[in-house]
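K.L.:
Below is the sequence, then the predicted model.
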Amino acid sequence: MTPSSGRLLTGLPRLAALVVLLLAPALAASFVAGSVWPGLMGYDGLLAFKESARGITTNAWPPMHAYLLTLSGQFPMAPGSVIFLQVFCIGAGGVVVAFRLFRSTLQASLAAIVYLAALALSPSVAGSMAVHWRDPLTAAFFALAAAAWIAPPGRSPWLGLILGAAAATVCLSLRYNAFPVVAPLTCLMVYRVWRYPPVRPGRLAAILLLLAPYPLAMASVTWRLPDLQRLPRVENISTTRLFDIVGVGACSGKSFLPVAPGAVTMTPPDTLRRVYSPVHANLVVADLQALGYATEFGHEALRAAWFEAVRHDPLCFLSHRRLVFLAQVGALRGDPFYITHNGIDPNPFGFRLARPDRAAAYVTGVAEQAHAYWNRPAVLLAGSLFLMLLSFRAAPSRQLVKLALALGATGFTGLLFLASPAADARYIVPALAAAALLAGISAADLLPGRRTGAS
């Protein structure tokens with residue numbers, strides 16, 4: 001037997017393990033897409049389809065989702081293929097990370113299995129992946145960026161740097177708040193290429209490539225394609241400010257809402273208590289409107305009222321934000337909010353569920369899983385951090401990778417604590433992808449007899 005054939009035979013079990021573990025997300029993607037074909041669609045998804053068909057006219061949400069739908073329309077089986085790809089990519093990305101990061105096939109397989117299981121058992125992930133939303137796509141492109149970038153310390157190949165930068169650009173362009181989950185990974189890669197620069201063209205070019213996704217993502221929400229017309233200013237923060245003002249008023253017993261044009265008095269504090277709910281700003285707005293109170297205020301008036309409310313009672317502001325956050329991570333009594341969409345809303349595009357009975361069964365199954373508490377986002381986030389602390393000294397070569405994933409998961413959820421306009425379960429999916437990957441890597445590092453930094 002020649003040395004080359006010996007190396008081939010030695011590598012066969014590892015290749016077989018990789019193929020089998022990549023089959024898992026492929027089968028999951030086939031199941032999800034086949035159950036809900038062409039994908040569940042609510043207001044957000046249908047707006048993206050409208051923008052993809054008729055051109056970008058609003059910047060209320062980043063237009064990258066519409067661009068991806070336009071691109072998918074050039075291939076067969078759209079738009080259901082988008083559901084397949086987002087499920088497969090989020091799963092396959094983590095598997096590739098595991099096999100790039102660990103030399104031991106056993107450790108790589110364990111890391112991949114823990115990652116896939118953490119995602120599959122999370123109703124927040126399973127429910128979101130069946131819907132045309134930006135959140136699962138953000139998580140999928142984060143997983144692709146991680147697959148391209150995360151590797152053992154050493155020189156990074158240019159192909160990996162380029163593919164990772166492309167995936168990071170799309171990830172950052174899909175959500176205004178994607179920065180915290182991607183930035184720690186970027187910092188890790190900048191450190192890596194500074195310490196182990198590519199051979200040509202060198203360190204500076206690699207760092208510029210790694211930083212390029214940020215100005216490109218900013219440009220994507222500033223100018224539209226293909227005519228490069230400047231997009232309208234984003235004013236989504238006004239809804240969040242109104243939500244916060246009602247929350248502070250319900251807690252403090254004082255109304256900080258501005259007096260609406262034509263009105264005589266402010267909205268009474270008792271009314272604010274009656275309509276307040278920490279799960280969604282739109283529900284609060286709808287209840288105020290149903291009671292006949294104004295909800296339309298000028299941006300400057302809301303801005304001034306928000307600062308007054310926060311200055312007057314910062315503890316009530318934090319209490320309101322805490323309730324929204326606890327609902328977001330499933331730490332309140334009752335089921336997580338808006339775990340998935342329940343069908344396809346009426347639309348002018350002719351989209352209808354191919355198999356309504358299978359879609360209903362999928363939605364019902366996800367909703368039933370959400371009744372439990374052990375599979376809530378809070379458990380996955382806290383559990384991944386606990387595993388990281390247990391394994392942090394086990395493999396020094398992977399400490400920075402785990403730290404980057406931990407900062408990404410906590411940074412993303414931390415920003416939601418401060419600014420989320422709702423407690424939708426889907427909002428936290430990118431953080432759950434980072435947490436699941438952290439859990440898988442940390443669990444593999446705890447494998448008895450293999451706790452070394454060289455693997």
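P.N.:
Received, thanks.
K.L.:
Thought Pro268 was touching Leu291, still the case?
P.N.:
No - contact criterion CB atoms under 8 Å: Leu291 and Pro268 do not qualify, at 10.0 Å. Using the backbone N, CA and C atoms, a C-beta is placed for each residue, glycine as well.
K.L.:
what's the helix or strand containing Ala327 packed up against?
P.N.:
Assigning secondary structure by DSSP states H and E places Ala327 in helix 314-328. When contacts are defined as 3 or more CB pairs under 8 Å, 6 or more residues apart in numbering; DSSP states H and E, helix 314-328 sits against helix 237-252, helix 399-419.
K.L.:
what's the most buried one of these?
P.N.:
Neighbour counts (mean count of other CB atoms under 10 Å) averaged over each of the helices and strands packed on helix 314-328 peak at helix 237-252, with a mean of 23.
K.L.:
Which helix or strand lies directly C-terminal to it?
P.N.:
Heading C-terminal from helix 237-252, the first helix or strand you meet, by DSSP H and E, is helix 269-275.
K.L.:
which other helices and strands contact the helix or strand following that next one?
P.N.:
Towards the C-terminus, the helix or strand next in line after helix 269-275, according to DSSP H and E, is helix 281-290. Applying 3+ CB pairs under 8 Å, 6+ apart, one finds that helix 281-290 contacts helix 237-252, helix 269-275.
K.L.:
for those helices, which one sits closest to Leu159?
P.N.:
Taking CB to CB as the measure, the helices and strands packed on helix 281-290 were each checked against Leu159, and helix 237-252 came out nearest at 39.1 Å.
K.L.:
what's the closest one in contact with?
P.N.:
Where contact means CB atoms under 8 Å, 6 or more residues apart in numbering, the residues beyond helix 237-252 that reach it are 255-257, 267, 269, 272-273, 275-276, 278, 281-282, 284-285, 288, 295, 297, 299, 302-303, 305-306, 309-310, 312-313, 316-317, 319-321, 323-324, 419-421.
K.L.:
Kindly report the same for stretch 348-361.
P.N.:
For stretch 348-361, the surrounding residues in contact (CB under 8 Å, 6+ apart) are 34-38, 40-41, 46, 49, 53, 79-80, 343-344.
K.L.:
give me that answer again for 10 Å
P.N.:
Applying CB atoms under 10 Å, 6 or more residues apart in numbering, the contact partners of stretch 348-361 are 31, 34-41, 45-46, 49-50, 53, 79-80, 130, 132, 341-346, 362.
K.L.:
ok, and for it, which residues are buried?
P.N.:
Within stretch 348-361, the residues that count as buried by 16 or more other CB atoms under 10 Å are Phe351, Leu353, Ala359.
K.L.:
Sketch out the low-pLDDT regions of the stretch 301-450 of the chain for me.
P.N.:
449-450 (pLDDT under 70).
K.L.:
all helices of it, in order?
P.N.:
Defined through DSSP state H, counting those that start in this stretch, the helices belonging to the stretch 301-450 of the chain, from first to last, are 314-328, 356-369, 377-391, 399-419, 429-445.
K.L.:
could I have the last one exported to CSV, CA atoms only?
P.N.:
This points to helix 429-445. What follows is helix 429-445, C-alpha atoms only, in CSV (Å, rounded to 0.1, in the frame of the first residue of the first chain):
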residue,chain,number,x,y,z
VAL,A,429,-33.0,33.1,15.7
PRO,A,430,-29.6,34.5,14.6
ALA,A,431,-28.5,34.5,18.3
LEU,A,432,-29.8,31.0,18.7
ALA,A,433,-27.7,29.9,15.7
ALA,A,434,-24.5,31.3,17.4
ALA,A,435,-25.5,29.8,20.7
ALA,A,436,-26.1,26.3,19.2
LEU,A,437,-22.7,26.4,17.5
LEU,A,438,-21.1,27.5,20.8
ALA,A,439,-22.9,24.6,22.6
GLY,A,440,-21.7,22.1,20.0
ILE,A,441,-18.0,23.2,20.1
SER,A,442,-18.0,23.4,23.9
ALA,A,443,-19.6,19.9,24.2
ALA,A,444,-17.0,18.4,21.9
ASP,A,445,-14.2,20.0,24.0
